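Asks: my questions are about this predicted structure, shown below with the sequence.
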Amino acid sequence: MTEYRLGILKGDDIGLEIVPVAVKVLQSAVERYKDIKINWVELPIGYPSYLETGETLPVKTLSKLYELDGWILGPIGHMAYPQNDPKAVNPHPILRKKFDLVSNIRPAKSYPFISSLHKEVDVVIIRENNEGFQPDRNMHKGLGEFMPTPDLALSVRVITKRNSEMAARAAFEIARQRNGMKKVSAIHKNTVFKLGCGLFIDTCREVAKEFPDISFETVVVDTFAMKLAMRPQNFDVVVTTNMFGDILTDLAAGLVGGLGMAPGLCVGPHYVMAQATHGSAPDIAGKQIANPYAMIMSAQMLLSWLGNQKGDISAIQASEDIVLGVEKVLNELRLVTPDLGGEASTEEMGTAICEAIKSMA
Ligand code: ATP
């Protein structure tokens, strides 16, 4: 029996609705296999935690995470936190940094009956997660953004060989595992950022030599944005730096039906965190209309990742069952939330996926 200890961190706003659904789906998939078990550990985080404990990221939550195999993090609505309280921190950059979650894997996939700008899209973007322009996590101490005078702002961009190499390696490994074009595209702007993007691309090229079975190309970011918008089917696996990846993954989500269709996984050498691409969507929170797809598929990626790490066939199979259950609900039953043109509630869509999994041969 392989046991997984997984954390449940619901986050804010729609997180309170979509995370329980993702947990239910994962549990339904795993229950069908006698040799795997998930021990769930729910931990406080975000604004509900602030109201309860006075902290958005309690020390107890942090220390518990070190004992887990992985966790599901719901979206965080940090913009609504009290601005002047040092205990009301934005938890997710801290988690990404503290647990060395260097690679953020964000797939974008279209479904035949879900209205989208493009069909037959199946692309995975890997974004370096902890450096680049993101000032809340690109320094050891302090912030990567400062104002020497009231009318001058400086934002420092950090690129390291280590993180570039880890993101590139994750991209090549994913390209090798997938039934795709076996191609990695590295996105950069070394025409301008000669040192930063230069180091990133040179590192990708070095990693590419270890994967002779995977073809490799480099594309300048502005050209890539145009190509992705026009013909996303030409891309398989994409790797890029933090800010470019942040923007391009939302663009990719927009091509396949919107942010509700954008799952994500943050991975590092020791820890893994399921986190959807979208934010906490306060505008639709509490209405049971949030699309749970992104959160469910983030959890599916978590299970698949752990299964592959541990060579656990049942976990891999259970994660594939989730893919099939989701496909059945999206392609056949069409029980989807309003953002996808349906009338199902968040819970109804989740329950339909659980039922589809349970009824599989
Ligand atoms: P952040 O900066 O934290 O990523 P954001 O500003 O990009 O957040 P979101 O909270 O992601 O904003 O929401 C952007 C839009 O997408 C909102 O109109 C929201 O309702 C919609 N949206 C986001 N997630 C979902 C979802 N799961 N289902 C349906 N609509 C969603």
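Replies: Sure thing, it's come through. Everything quoted here is computed from the prediction, not taken from an experiment. Numbers count the residues shown, from 1 in each chain.

Asks: hang on, A175 packs against V237?
Replies: Yes - using C-beta atoms under 8 Å, A175 is in contact with V237, at 4.2 Å. For the C-beta atoms, the positions are set from N, CA and C on the backbone; glycine is no exception.

Asks: so what's in contact with these two at the same time?
Replies: 183-184 (C-beta atoms under 8 Å, 6 or more residues apart in numbering).

Asks: do a quick rundown of the helices in the chain.
Replies: 15-30, 46-53, 59-65, 91-98, 161-177, 196-208, 221-230, 242-255, 293-310, 313-327, 346-358 (DSSP state H).

Asks: what is the third one packed up against?
Replies: Put plainly, it is helix 59-65. strand 2-9 (3 or more C-beta pairs under 8 Å, 6 or more residues apart in numbering; DSSP states H and E).

Asks: list of residues touching the strand it packs on?
Replies: 19, 23, 26, 35-46, 61, 64-65, 67-74, 302, 306, 310, 312, 314-315.

Asks: and stretch 177-185, by the same measure?
Replies: Taking C-beta under 8 Å, 6+ apart as the rule, stretch 177-185 contacts 122, 124, 168, 171-172, 175-176, 204, 208, 211, 213-219, 224, 235-239, 308.

Asks: give me the buried positions along it.
Replies: 180-181, 184-185 (16 or more other C-beta atoms under 10 Å).

Asks: who's in contact with L62?
Replies: K98.

Asks: oh, I was asking about P232
Replies: 108, 118, 121, 123, 252, 255.

Asks: for the ligand, what's its nearest residue on the stretch 201-350 of the chain.
Replies: Nearest residue of the stretch 201-350 of the chain to the ligand: G279, at 2.2 Å (C-beta to the nearest ligand atom).

Asks: now that residue: how far from V272?
Replies: 21 Å (C-beta to C-beta, to the nearest Å).

Asks: pick out whichever of the two has more residues nearby.
Replies: With neighbours defined as other C-beta atoms under 10 Å, G279 and V272 compare such that V272 has more, 22 against 17.

Asks: spatially nearest residue to that one (excluding sequence neighbours)?
Replies: Of all residues not flanking V272 in the chain, G70 sits nearest, at 4.2 Å (C-beta to C-beta, 6 or more residues apart in numbering).

Asks: equivalent analysis for P232, please.
Replies: Leaving aside its sequence neighbours, P232 sits nearest to V121 (C-beta to C-beta, 6+ apart; 4.6 Å).

Asks: out of the buried residues of stretch 177-185, who's nearest S155?
Replies: S155 has its nearest neighbour among the buried residues of stretch 177-185 in S185, at 26.1 Å by C-beta to C-beta.

Asks: who's that closest one bridged to?
Replies: E217, V238 (DSSP bridges).

Asks: which pLDDT does the model give it?
Replies: pLDDT, S185: 98.

Asks: quick check: it vs the ligand, distance?
Replies: According to C-beta to the nearest ligand atom, to the nearest Å, S185 stands 24 Å off from the ligand.

Asks: and the contacts of stretch 65-73?
Replies: In contact with stretch 65-73 (C-beta under 8 Å, 6+ apart) are residues 4-9, 11, 19, 22-23, 41, 43, 45, 92, 95, 99, 271-275, 295, 298-299, 302, 305-306.

Asks: so K10 touches Y47, yeah?
Replies: No - using C-beta under 8 Å, K10 is not in contact with Y47; the gap is 10.3 Å.

Asks: looking at these two, which is more packed in?
Replies: K10 (24 against 21).

Asks: now the helices of the chain as a markdown table including distance to the ligand and mean pLDDT?
Replies: Shown next, in a markdown table, are the helices of the chain (distance: least, C-beta to the nearest ligand atom, whole Å; pLDDT from 0 to 100):
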| stretch | distance to the ligand | mean pLDDT |
| --- | --- | --- |
| helix 15-30 | 6 | 98 |
| helix 46-53 | 12 | 96 |
| helix 59-65 | 20 | 97 |
| helix 91-98 | 9 | 94 |
| helix 161-177 | 20 | 97 |
| helix 196-208 | 23 | 98 |
| helix 221-230 | 18 | 98 |
| helix 242-255 | 7 | 97 |
| helix 293-310 | 6 | 97 |
| helix 313-327 | 14 | 97 |
| helix 346-358 | 8 | 98 |
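
Asks: ok, back up a step: what's the closest of the buried residues of stretch 177-185 to the ligand?
Replies: Distances from the ligand to these, taken by C-beta to the nearest ligand atom, are shortest for S185, at 23.9 Å.

Asks: roughly how far does the closest one sit from K227?
Replies: According to C-beta to C-beta, S185 stands 9 Å off from K227.

Asks: what is in contact with the two at once?
Replies: By C-beta under 8 Å, 6+ apart, the residues touching both S185 and K227 are 219, 235.

Asks: re earlier: could you flag which of the contacts of stretch 65-73 are buried?
Replies: For the contacts of stretch 65-73, a neighbour count by 16+ other C-beta under 10 Å gives the buried set as 4, 6-9, 11, 19, 22-23, 41, 43, 45, 92, 95, 99, 271-275, 295, 298-299, 302, 305-306.
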